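Participant: Below: sequence and its predicted model.
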Amino acid sequence: MNMNDEKRKSTNWGKVLRQLLVVALIGWAVATELRKPAAERTWHGKLAERVPYDLRRPSLARVRERMWNPTDRHIVVPTVFGVGWTINFGRLLMPWKAELALRDE
């Protein structure tokens, strides 16, 4: 067995573990919502008061709010759909946008 085979094996295990973690977190989020009475289910919230989840159908407004919102001071924000976080590109790219605007003048 050469070094590339060993790297491939370890990478595959890492990928499998990440996938299992994602499935477990989604399962936990679904179970959290299903434990609530039907009228109280919001399908979004936090797991262990830390990890955000949002299992509602994504909307264009929510995509804009989370992924392109230069007025939000946070770069890492709750994901649009699923469990975890995503990047607010509006805030991340704001300094470059301002710099490009100055160059155009």
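Facilitator: Received it, and whenever you're ready, just let me know what you need.
Participant: does residue 54 have beta-bridge partners, and which?
Facilitator: For residue 54, the beta-bridge partners are residue 44, residue 82 (DSSP bridges).
Participant: That one contacts residue 44, correct?
Facilitator: Yes. In terms of CB atoms under 8 Å, residue 54 counts as a neighbour of residue 44; the distance is 4.2 Å. No exception for glycine: its C-beta is placed from N, CA and C like everyone else's.
Participant: Within the helices and strands, which one has the residue nearest to residue 65 when sequence neighbours are not counted?
Facilitator: Nearest non-adjacent residue to residue 65, counting by CB to CB, 6 or more residues apart in numbering: residue 72, 8.0 Å away. Of the helices and strands defined by DSSP states H and E, none includes residue 72.
Participant: Next, the contact list for residue 72, please.
Facilitator: Taking CB atoms under 8 Å, 6 or more residues apart in numbering, we find residue 72 in contact with 65, 88, 90-91.
Participant: Of those - the most surrounded one?
Facilitator: If you count neighbours using other CB atoms under 10 Å, the busiest of the contacts of residue 72 is residue 88, which has 22 neighbours.
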